[in-house]
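S.K.: prediction below, plus the sequence it came from.
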Amino acid sequence: GAGVSQSPRYKVAKRGQDVALRCDPISGHVSLFWYQQALGQGPEFLTYFQNEAQLDKSGLPSDRFFAERPEGSVSTLKIQRTQQEDSAVYLCASSRESGGGADTQYFGPGTRLTVL
Amino acid sequence: SQQGEEDPQALSIQEGENATMNCSYKTSINNLQWYRQNSGRGLVHLILIRSNEREKHSGRLRVTLDTSKKSSSLLITASRAADTASYFCAIVQTGRRALTFGSGTRLQVQP
């Protein structure tokens, strides 16, 4: 079956522009996660949805970052007024379960954002 | 911030040798997972070990977990050039759902 897909794969933005990154999780997966991965580092958690509910947004670095999943499937991560420090790979992951924390997360290929 | 610390940061071995990577963490956990990431590719889940387990095997992979020392190790036996990648440990902290990753070990397997 299809895995997690993300679009666009690459995005170049000028400082101050707004960007929107899309994630299509595996069909039927309840949980969806966003992570940010800086060059040479491990991914860092941004936010988590269970169906359409955003249950944890403790990792969002500022109020310029906003995520939504209005119908409990596709999710969009929006970054307003992008800054150079926002340059990173943004990874989306989904998992089947709705509780327990012991389910495998399946990752998409990521969107590489470069802010000039 | 990243809770996990991998050791070593980089490892270079010859094909056929074993590779061992270590991970330490600081909090109580639900489970610990290992992921592989090839250059330019996404993260691939390798193995999950729960907090009440001590050892787990999957093919050429062997993972141990010592919750008293808050540490884990990943052993790859009979390595292949295709095993060249970055390996990350990630914990699921008690009461949370998100993964908290370490900074990774970059493994190079020379043919």
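M.R.: Great, that's in hand. Numbers count the residues shown, from 1 in each chain, chains lettered A, B, ... in the order given.
S.K.: show me what contacts B:Thr84?
M.R.: Listed by CB atoms under 8 Å, 6 or more residues apart in numbering or on different chains, the contact set of B:Thr84 reads B:38, B:107-109. C-beta here means a position set from N, CA and C on the backbone, and glycine is covered the same way.
S.K.: in PyMOL, select just the buried ones from those.
M.R.: Typed into PyMOL, the next command selects the buried ones out of these (criterion: 16 or more other CB atoms under 10 Å in any protein chain shown):
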select buried, chain B and resi 107+109
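S.K.: so where is chain A shaky, pLDDT-wise?
M.R.: A:1, A:98-102 (pLDDT under 70).
S.K.: any idea how many residues pack against the residue in chain A positioned nearest to chain B?
M.R.: Nearest residue of chain A to chain B (CB to the nearest CB) works out as A:Gly42 at 3.3 Å. Neighbours of A:Gly42 under the rule other CB atoms under 10 Å in any protein chain shown: 24.
S.K.: what's the answer for B:Ser58, then?
M.R.: Neighbour tally, B:Ser58, other CB under 10 Å: 11.
S.K.: look up which residues are beta-bridged to it.
M.R.: Counting by DSSP bridges, B:Ser58 forms beta bridges with B:Leu61.
S.K.: what about it, distance to chain A?
M.R.: To chain A, B:Ser58 is 12 Å away according to CB to the nearest CB, to the nearest Å.
S.K.: which non-adjacent residue is nearest the residue nearest in space to the middle of chain A?
M.R.: Most central in chain A under CA atoms, centre = their mean is A:Trp34, positioned 3.1 Å from the mean C-alpha point. Setting aside the residues directly before and after it, A:Trp34 is nearest to A:Leu46 in space (CB to CB, 6 or more residues apart in numbering or on different chains), at 4.2 Å.
S.K.: got a list of what the one you found touches?
M.R.: A:33-36, A:57, A:59-61, A:65, A:67, A:77, A:90.
S.K.: one more pass at 6 Å, please.
M.R.: A:Leu46 makes contact with A:34, A:36, A:59-60, according to CB atoms under 6 Å, 6 or more residues apart in numbering or on different chains.
S.K.: sort out for me which of those residues are in strands.
M.R.: Counting by DSSP state E, the contacts of A:Leu46 place A:34, A:36 in strands.
S.K.: using PyMOL, define a selection of the buried residues within the contacts of A:Leu46.
M.R.: In PyMOL, a selection of the buried entries from these looks like this (16+ other CB under 10 Å):
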select buried, chain A and resi 34+36+59+60
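S.K.: shaky segments in chain B?
M.R.: In chain B (pLDDT under 70), the answer is B:1-4, B:40.
S.K.: how about the residues of it near chain A?
M.R.: B:2, B:30-31, B:42-43, B:45, B:88, B:92, B:97-98, B:101-104 (CB under 6 Å from any CB of the partner chain).
S.K.: now do the strands in chain A.
M.R.: Using DSSP E, strands in chain A cover A:5-7, A:10-13, A:19-24, A:31-37, A:44-50, A:53-56, A:65-68, A:75-79, A:88-95, A:106-107, A:111-115.
S.K.: go on, chain B?
M.R.: B:5-7, B:10-14, B:19-24, B:29-37, B:43-50, B:55-58, B:61-66, B:71-76, B:85-93, B:100-101, B:105-110.
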